[in-house]
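Undergrad: Could you look at this predicted model? Sequence included:
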Amino acid sequence: KVTLFWFRRDLRLDDNAGLYHALKERSAVLPLFIFDSEILENLDDPADARVTFIYEQIQDMKQQLNAKKSDLIVRHGKPLEVLKTLSDEMAVEAIYANHDYEPAARKRDEKVAAWAAKAGIEFLTFKDQCLFEKDEILTDARKPYTVYTPYRNKVLANLSEFYLKSYPNDLYESSYAKVKKAEPLLTLKSLGFERSNIEFPPMDLSTKMLKTYHATRDFPADEKGTSHLGLHLRFGTLSVRELAREAKKYSPVWLSELIWRDFFMQILWHFPQVENQSFRPEYDKIAWRKSKADFQKWCEGRTGYPLVDAGMRELNATGYMHNRVRMVVASFLCKHLLIHWYEGERYFAKKLLDYDLSANNGNWQWAAGSGCDAAPYFRIFNPQTQFEKFDPDGKYVQKWVPEYGTDEYPQPMVDHNEARGRCLQAFTKVLKK
Ligand code: FAD
């Protein structure tokens, strides 16, 4: 009899909670990864870098497991169908995995749990991708927090060694199922994808960066000013516990960022409707503009506002954008162009390597003003002032918008003051009622 350990967004063999429990509690643990056909079908770029990233990670884990005389089974299909097929091929006694909080993942897991219960297979899941989950941090009235600062304070008051310790998976390595011959790995091509040539950020958390983060984090020209670990947190190639331990030692500000990540995860858990509705529903009643041409200019980085254009071009070229610039481009779309946050959120979802529904949605709604604990609607970033303040030498803009300052660079697509007035009018009409 085998126990399957099903990897999802926790692509590592060390310090992995669900895998640790499987290895400790069972013998013959066979790791599994499923390329979910429904997710892949929704990606429109055949060279989507995230698929390459996952593929490379899978390849690496498979090699590591082969070296231990075990294997990583990799399949392509609808998860429930794949699990059913596997349970026909082998005697599966249990399936272990880690929690996943996104609405679609919750539905997937509910279906798997219902099938497993009928089939007499245990389905067990664990907390792994965040420090605190679901109902672990609640207000004194046992309600979910919808404001960040008190949430963070409660997290900090509770963040003991217990929550930060690593799971020593290697202690129970002998529980991996032994295989006579490893299965060949399916190819990227068979999934309908090709290898992307985007360079992925290294898995490196620099102590030097942590120590200066509070001072460097707002300046996009400083490429070493932030960690670039979002992608690794997204796919679980690094453990959040390990990172939080370092943060606790060297940078309370960086730790606060990890807490923002948890915060938005619990928001999505408690308020799953935010996936496609404003947290404050009245924001969906604003007369949002539907200009395809304006949206296109924003997507391509041709707005005539240099910091906005630099950010969008960085995103399109690398799958990354600096946080300060994400805030500016998001505000520009929702407020200066008066286009619904959802359009921008979906564009980021296609492009960002570190795209994560909870963080992306939470931050977009924050920028639009429609979210929990959002910036007040009347605070409208001036994209030119932001440029002067956060890219004072123009180094970041120069890198991504080399024609800035020449005749080739377009005039601003909207006048700041006019756009600001239009936005305030549209917002107050609905929000003041
Ligand atoms: P660092 O500054 O080194 O921070 C470390 C880690 O903390 C990040 O990797 C991330 O996991 C977490 N983090 C930092 N800031 C936030 C935040 N505001 N909210 C939640 N988590 C945070 N982050 C994502 O991980 N995925 C997204 O899809 C995403 N979309 C965003 C969309 C908008 C409009 C905005 C304004 C922000 C978004 N962020 C998102 C948050 C933030 O911009 C990125 O996490 C950060 O820029 C990633 O760079 P880094 O890894 O160098 O971060």
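TA: Happy to help now that I have it.

Undergrad: from the stretch 51-200 of the chain, which residue is nearest to the ligand?
TA: Among all residues of the stretch 51-200 of the chain, residue 148 sits closest to the ligand, at 9.4 Å; criterion: C-beta to the nearest ligand atom. (Glycine included, C-beta is placed from N, CA and C.)

Undergrad: Show the contacting residues for the residue nearest the centre of the chain.
TA: For the chain, the residue nearest the mean C-alpha position is residue 356 (2.3 Å; C-alpha atoms, centre = their mean). By C-beta atoms under 8 Å, 6 or more residues apart in numbering, residue 356 lies in contact with 230, 233, 234, 261.

Undergrad: distance of it from residue 15?
TA: 20 Å (C-beta to C-beta, to the nearest Å).

Undergrad: Which helix or which strand is home to the nearest residue to residue 26 once chain neighbours are set aside?
TA: Using C-beta to C-beta, 6 or more residues apart in numbering and skipping residues adjacent in sequence, the residue nearest residue 26 is residue 3, 4.1 Å away. Per DSSP states H and E, residue 3 falls inside strand 2-7.

Undergrad: Show me how the chain divides into domains.
TA: Using automatic domain parsing, the domain parsing of the chain gives 1-128, 130-166+206-270, 275-431.

Undergrad: low pLDDT regions in the stretch 151-300 of the chain?
TA: Across the stretch 151-300 of the chain, nothing is flagged by pLDDT under 70.

Undergrad: what does it have sitting close to the ligand?
TA: Counting by C-beta under 6 Å from any ligand atom, the positions of the stretch 151-300 of the chain adjacent to the ligand are 217, 226, 227, 228, 229, 230, 233, 257, 258, 260, 261, 264.

Undergrad: And the furthest pair within those residues?
TA: Farthest pair in those (C-beta to C-beta) is 228 and 264. Separation: 19.1 Å.

Undergrad: out of those two, which sits in the busier spot?
TA: residue 264 (26 against 20; other C-beta atoms under 10 Å).

Undergrad: hmm, back to that, got a PyMOL select line for the buried ones in the contacts of residue 356?
TA: The command below creates a PyMOL selection of those among the contacts of residue 356 that count as buried (16 or more other C-beta atoms under 10 Å):
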select buried, resi 230+233+234+261
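
Undergrad: Pick the one among the contacts of residue 356 closest to residue 184.
TA: Of the contacts of residue 356, the one sitting nearest to residue 184 (C-beta to C-beta) turns out to be residue 234, at 27.7 Å.

Undergrad: The closest one and residue 261, how far apart?
TA: Per C-beta to C-beta, residue 234 is found 10 Å from residue 261.

Undergrad: Render the CA-only coordinates of the strand holding residue 3 in CSV, please.
TA: Extracted in CSV, the C-alpha atoms of strand 2-7 (Å, rounded to 0.1, in the frame of the first residue of the first chain):
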residue,chain,number,x,y,z
VAL,A,2,1.2,3.5,-0.8
THR,A,3,0.6,7.0,0.5
LEU,A,4,0.6,9.7,-2.1
PHE,A,5,2.1,13.1,-1.2
TRP,A,6,0.5,15.6,-3.6
PHE,A,7,2.7,18.7,-4.2
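
Undergrad: packing partners for it?
TA: For strand 2-7, the elements it packs on are helix 17-25, strand 29-36, helix 79-89, strand 92-98, judged by 3 or more C-beta pairs under 8 Å, 6 or more residues apart in numbering; DSSP states H and E.

Undergrad: Columns mean neighbour count on top of those, output as a markdown table?
TA: As requested, the helices and strands packed on strand 2-7 are exported to a markdown table (neighbours: other C-beta atoms under 10 Å):
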| stretch | mean neighbour count |
| --- | --- |
| helix 17-25 | 22 |
| strand 29-36 | 22 |
| helix 79-89 | 16 |
| strand 92-98 | 21 |
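
Undergrad: Can you lay out the ones you listed as a markdown table showing mean pLDDT and distance to the ligand?
TA: Putting the helices and strands packed on strand 2-7 into a markdown table (pLDDT from 0 to 100; distance: least, C-beta to the nearest ligand atom, whole Å) gives the following:
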| stretch | mean pLDDT | distance to the ligand |
| --- | --- | --- |
| helix 17-25 | 98 | 18 |
| strand 29-36 | 98 | 19 |
| helix 79-89 | 98 | 23 |
| strand 92-98 | 98 | 17 |
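
Undergrad: Save the ones you listed as TSV, and put in distance to residue 176 too.
TA: Below are the helices and strands packed on strand 2-7 laid out as TSV (distance: least, C-beta to C-beta, whole Å):
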stretch	distance to residue 176
helix 17-25	7
strand 29-36	6
helix 79-89	16
strand 92-98	13
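
Undergrad: Tell me which of those lies nearest to residue 305.
TA: Across the helices and strands packed on strand 2-7, residue 305 has its closest neighbour in strand 29-36 (38.1 Å, C-beta to C-beta).

Undergrad: Just the buried residues of stretch 230-249, please?
TA: Going by neighbour count (16+ other C-beta under 10 Å), the buried part of stretch 230-249 is 230-241, 243-245, 247-248.

Undergrad: hey, C-alpha coordinates of it in PDB?
TA: The C-alpha trace of stretch 230-249 is given here as PDB (Å, rounded to 0.1, in the frame of the first residue of the first chain):
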ATOM      1  CA  GLY A 230       8.000  36.500  -4.400                       C
ATOM      2  CA  LEU A 231       8.200  33.700  -7.000                       C
ATOM      3  CA  HIS A 232       9.700  31.300  -4.500                       C
ATOM      4  CA  LEU A 233       7.100  32.100  -1.900                       C
ATOM      5  CA  ARG A 234       4.400  31.600  -4.500                       C
ATOM      6  CA  PHE A 235       5.500  28.200  -5.500                       C
ATOM      7  CA  GLY A 236       6.800  27.200  -2.100                       C
ATOM      8  CA  THR A 237      10.400  26.600  -3.300                       C
ATOM      9  CA  LEU A 238      11.400  28.300  -0.100                       C
ATOM     10  CA  SER A 239       9.800  27.800   3.300                       C
ATOM     11  CA  VAL A 240       8.100  30.900   4.800                       C
ATOM     12  CA  ARG A 241       9.100  29.700   8.200                       C
ATOM     13  CA  GLU A 242      12.800  29.800   7.300                       C
ATOM     14  CA  LEU A 243      12.400  33.300   5.800                       C
ATOM     15  CA  ALA A 244      10.400  34.600   8.800                       C
ATOM     16  CA  ARG A 245      13.200  33.400  11.200                       C
ATOM     17  CA  GLU A 246      15.700  35.500   9.300                       C
ATOM     18  CA  ALA A 247      13.300  38.400   9.200                       C
ATOM     19  CA  LYS A 248      12.800  38.300  12.900                       C
ATOM     20  CA  LYS A 249      16.500  38.500  13.400                       C
END
